[in-house]
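**Q** Got a predicted structure here, sequence first:
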Amino acid sequence: MARSESDQMLVLSLGRNGRASYPERPWEEIEPVLRRVWEFDGRLRAWHDVRAQVQAAWHAHDTRPRREHRRAAAAGQVSRAV
């Protein structure tokens, strides 16, 4: 398997497994965890090069409808402000 193929598999797995492990958590809370996991192996591409792909894989496996995501995000902003 070529290196770029294996990197792509890791990117998809990181996003999918991250969502499966933290189904109720928003991307913003879990991204730092996923970034640390990715950066643990210094041989991989930089996080900023793969972040959008990991985020797309994360959102591809969302179980909640988009409207519910917006509502949850708005509720989170209100609770953080209080």
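**A** Looks like it came in fine.
**Q** Please count neighbours and contacts with C-alpha atoms only from this point.
**A** OK.
**Q** who's in contact with the helix or strand residue 4 falls within?
**A** Using DSSP states H and E, residue 4 falls within helix 3-21. Applying CA atoms under 8 Å, 6 or more residues apart in numbering, the contact partners of helix 3-21 are 30, 34, 44, 50, 53-62.
**Q** Buried residues, it. List them.
**A** Neighbour-count burial for helix 3-21, with 16 or more other CA atoms under 10 Å as criterion, is recorded at 11-12, 14-16, 18-19.
**Q** Can you name the residues that contact the residue lying closest to residue 35 once chain neighbours are set aside?
**A** In this structure, residue 35 finds its nearest non-sequential neighbour in residue 47, 6.5 Å apart by CA to CA, 6 or more residues apart in numbering. Residues near residue 47 by CA under 8 Å, 6+ apart: 35, 38-39.
**Q** repeat that for 10 Å
**A** Contact partners of residue 47, counting by CA atoms under 10 Å, 6 or more residues apart in numbering, are 34-36, 38-39, 54.
**Q** Many thanks, I have nothing further to ask.
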